[in-house]
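Chemist: sequence and predicted structure, then a few things I'm wondering about:
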Amino acid sequence: EALKIIADQFSNPTIGCVSGEKRVAFSSDDTVSSKGEGAYWKYESLLKRLDFEFYSAVGAAGELFAVRTALFASMEEDTLLDDFMLSMRIAQKGHRIAYTSNAYAVEYGSLNMEEEGKRKRRIAAGGWQSIGRLVPLLNVFKFGKLSFQYVSHRVLRWSVTPFALFALFPLSAILGYRSSSSFNVFYVIFALQCLCYLCAALGYARRNNPNSSKLFYIPYYFMFMNINVMRGIYYLFSRRFVGGWEKSQRK
């Protein structure tokens, strides 16, 4: 059934790649590694659907996607995110990436947060690698909507956002201290960040507790992801890739 749904998308000649939806299965006794990833992919799936409605999805999920045979191309041997690179190079040639949530793949989350960290570091490293190999897509004058989507959805997330996130904390405190306004918006921003970091810290403390609340594990998983983006830079430049990586253990 999933194959039929995907094949139907290719009736549109502008479509060069079709991405199905990734879903993460978890139960009430699972911990943050599964529940956090599940929440993240619900958000990511929403973005992919909105991206496709606007113009094109930005990359395909490797669990379930298809490409036109004539557009398939082998990746460099050391490519970390081959699904993303293959699909985006098809988009770079002028084709769109379709997204369909009716065709989906289900998998379990990582065994624990340590194993999830391996995945996130590899994905972040692959993101930095992809930015270097997809430089032409930064040209908004040539690629228009696709370039805007790629930069806002991927490039900023993998490069600027983690550093800006952690820089915001001391900067809002400094600007709040120096502000003479009667309503100090910077102190409000600083206070909200303190609350978020507190919830993340509690989420970390309860990361192996299956009864941890979303109020704690979602902020923790958000911080966990951004920290691992920065760790991914070290991961990328500290070793030589030969077309593989250490696989993380799944539940």
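Modeler: Received it, and whenever you're ready, just let me know what you need.
Chemist: residue ranges of the helices in the protein, please?
Modeler: 2-9, 32-54, 82-92, 113-133, 140-143, 145-150, 156-158, 160-178, 185-205, 214-237 (DSSP state H).
Chemist: could you give me the average pLDDT of the last one?
Modeler: Helix 214-237 comes out with an average pLDDT of 90.
Chemist: likewise stretch 1-15?
Modeler: For stretch 1-15, the mean confidence score works out to 96.
Chemist: using CSV, list the CA coordinates for that stretch.
Modeler: Output of stretch 1-15 as CSV, limited to C-alpha atoms (Å, rounded to 0.1, in the frame of the first residue of the first chain):
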residue,chain,number,x,y,z
GLU,A,1,0.0,0.0,0.0
ALA,A,2,2.8,2.4,0.9
LEU,A,3,4.5,1.7,-2.5
LYS,A,4,1.3,2.5,-4.4
ILE,A,5,0.8,5.8,-2.4
ILE,A,6,4.4,6.8,-3.2
ALA,A,7,4.2,5.8,-6.9
ASP,A,8,1.1,7.9,-7.3
GLN,A,9,3.1,11.0,-6.5
PHE,A,10,5.3,10.4,-9.6
SER,A,11,2.3,11.1,-11.8
ASN,A,12,3.4,14.8,-11.4
PRO,A,13,6.3,15.3,-13.7
THR,A,14,7.9,17.9,-11.4
ILE,A,15,8.4,15.4,-8.6
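Chemist: neighbours of the closest residue in space to residue 227 that isn't next to it in sequence, how many?
Modeler: Nearest residue to residue 227, sequence neighbours excluded (C-beta to C-beta, 6 or more residues apart in numbering): residue 162, at 7.4 Å. No exception for glycine: its C-beta is placed from N, CA and C like everyone else's. Using other C-beta atoms under 10 Å, residue 162 has 22 neighbouring residues.
Chemist: next up, the contacts around residue 162.
Modeler: For residue 162, the contact set (C-beta atoms under 8 Å, 6 or more residues apart in numbering) comprises 226-227, 229-230.
Chemist: again with residue 123
Modeler: By C-beta under 8 Å, 6+ apart, the residues touching residue 123 are 80-81, 232.
Chemist: could you export these as TSV, including neighbour count?
Modeler: Formatted as TSV, these follow (neighbours: other C-beta atoms under 10 Å):
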residue	neighbour count
80	24
81	21
232	23
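Chemist: ok so, going back, so the residue nearest to residue 227 versus residue 231, what's the distance?
Modeler: Using C-beta to C-beta, to the nearest Å, residue 162 is found at 10 Å from residue 231.
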